[in-house]
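>>> Quick one, structure for this:
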Amino acid sequence: MNLRRGWLWYLAGLLLAVIAGVVTILALRNALPVAKPDQPTRRAVIVARKDIGARQVVSSESVEARALLLEEIPSGAIFQVEDAVGKLALQDVKAGQPVLAQSLVASAAGVGGAVITSTGALAALLPPDKIGIVLPAGDLLSQSGEVNAGDHLDILASVNVVDKTGQGGQVTLMHLQNVPIVKVLQETTVQSGAQQVQQRPKITGLVLAVDPQDGVILKYFIDANAKVSTDLRSPKLTMSFDVSPVSLDYLADKYKINAPRPLEPR
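Okay, the predicted model is just below:
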């Protein structure tokens, strides 16, 4: 009987020791700092607070800083508000989208309040799938100073087309549609003695972003002394038109023109 009672006391003591050990381990675990899982790395970038339309000057109210995951930040993202404010957007930026450096061009107020491009790295302004080609400002619209970086143009050309016999005539066609102006080239303001003369800067050319093949065709028109002109699009006009080339035969068919007969001799 005493032996059994001794074993009971021994087991009870052993159980208490085990319980005390478990309590001690739990207390120590709670006392140690718990390692937090690694948080995803973020960085604040400049995004559009509201929709920014193409050809609009970015205002401080239209952009804001927002933290994005590093893998979500696109190439060319801007990290300082001052790097976007006051610049001209070359394309639409939807609300919440990062504002990209290659989608902006530096601008300055020109004579009469017109927005003209300032100096900058031209290659950085080109879309990744386009090349830049200069269209000489030979037509009245290009020379007017009323077209700016970010505007979209259609390119028209009139060229003489003849066959092997020398027969033919002028054909006018729409070569390119909805072409963005990347940069406006202009002459510097002239100096008159010690006083600077304020006048509208002379536009010498427009840098256009085009497909390589379209650039070669435009180069041909220029070298062939074709009459190249432009028309200006509304910012909301983005569709392509099915435009037929115009020749003398086209005009005769459209307006039902009959070739005049020679006068009979009297």
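
>>> so where is the chain shaky, pLDDT-wise?
Along the chain, segments meeting pLDDT under 70 span 1-14, 17-18, 21-23, 26-39, 106-121, 188-200.

>>> How is it partitioned into domains?
40-105, 128-259 (automatic domain parsing).

>>> Between the ones you listed, which one is closest to Ile19.
In terms of C-beta to C-beta, the element of those nearest to Ile19 is domain 40-105, at 42.4 Å. Bear in mind the C-beta positions are built from the backbone N, C-alpha and C, glycine included.

>>> So what's the gap between the closest one and the chain middle?
Taking C-alpha atoms, centre = their mean, to the nearest Å, the mean C-alpha location of domain 40-105 is offset from the chain mean by 12 Å.

>>> Same question for stretch 215-229.
For stretch 215-229, the distance to the chain centre is 26 Å (C-alpha atoms, centre = their mean).

>>> can I get the CA coordinates of it in CSV?
Output of stretch 215-229 as CSV, limited to C-alpha atoms (Å, rounded to 0.1, in the frame of the first residue of the first chain):
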residue,chain,number,x,y,z
GLY,A,215,8.8,57.3,-94.0
VAL,A,216,10.4,56.1,-97.2
ILE,A,217,7.3,57.0,-99.2
LEU,A,218,7.2,60.4,-97.7
LYS,A,219,10.9,60.8,-98.5
TYR,A,220,10.2,59.9,-102.2
PHE,A,221,7.4,62.5,-102.4
ILE,A,222,9.8,65.2,-101.0
ASP,A,223,12.7,64.2,-103.4
ALA,A,224,10.3,64.1,-106.3
ASN,A,225,9.2,67.7,-105.6
ALA,A,226,5.7,66.6,-105.0
LYS,A,227,3.4,69.2,-103.5
VAL,A,228,3.0,68.0,-99.9
SER,A,229,0.6,69.6,-97.5
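
>>> got a list of contacts for it?
For stretch 215-229, the external contacting residues (C-beta atoms under 8 Å, 6 or more residues apart in numbering) are 131, 133, 135-136, 138-141, 155-159, 175-176, 208, 210.

>>> do the same with stretch 236-256
152, 161, 169-174, 177-178, 257-259.

>>> Can you list the buried residues in that stretch?
Buried residues in stretch 236-256, defined by neighbour count with 16 or more other C-beta atoms under 10 Å: Val246, Ser247.

>>> can you tell me the helix or strand for Ile257?
Remark: Ile257 resides in no helix or strand, with elements defined by DSSP states H and E.

>>> Run a quick neighbour tally on it.
Residues lying near Ile257 (other C-beta atoms under 10 Å) number 11.

>>> And for Ser60?
What Ser60 shows, counting by other C-beta under 10 Å, is a neighbour count of 12.

>>> now do Leu70
Counted by other C-beta under 10 Å, the residues lying close to Leu70 total 9.

>>> do the same with the one 4 residues further on
For Pro74, the count of nearby residues is 10 (other C-beta under 10 Å).

>>> Quick one: the helices in the chain, in order.
Assigned by DSSP state H, the chain shows helices spanning 2-31, 140-143, 212-223, 248-254.

>>> now the lengthiest strand in the chain against helix 212-223, angle please.
Secondary structure of the chain read by DSSP state E shows that its longest strand is strand 168-186. Calculated by axes from the mean of the first three to the mean of the last three C-alpha atoms, to 10 degrees, strand 168-186 forms an angle of 110 degrees with helix 212-223.

>>> distance between strand 168-186 and the chain's centre?
20 Å.

>>> mind listing what's buried in that strand?
Neighbour-count burial for strand 168-186 [16+ other C-beta under 10 Å]: 171-177, 179-186.

>>> My guess is Phe79 contacts Arg66. True?
No. Phe79 lies out of contact with Arg66 (C-beta atoms under 8 Å); the separation is 11.1 Å.

>>> Now for these two: what residues contact both?
By C-beta under 8 Å, 6+ apart, the residues touching both Phe79 and Arg66 are Ala44, Val45, Ile46.

>>> can you pull the contacts of the first one?
Applying C-beta under 8 Å, 6+ apart, one finds that Ala44 lies in contact with Ala65, Arg66, Ala67, Leu68, Phe79.

>>> circling back to that earlier point, give me the PyMOL select line for the contacts of stretch 215-229, limited to the buried ones.
Selection of buried members from these for PyMOL, criterion 16+ other C-beta under 10 Å:
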select buried, resi 133+135+141+155+156+157+159+175+176+208+210
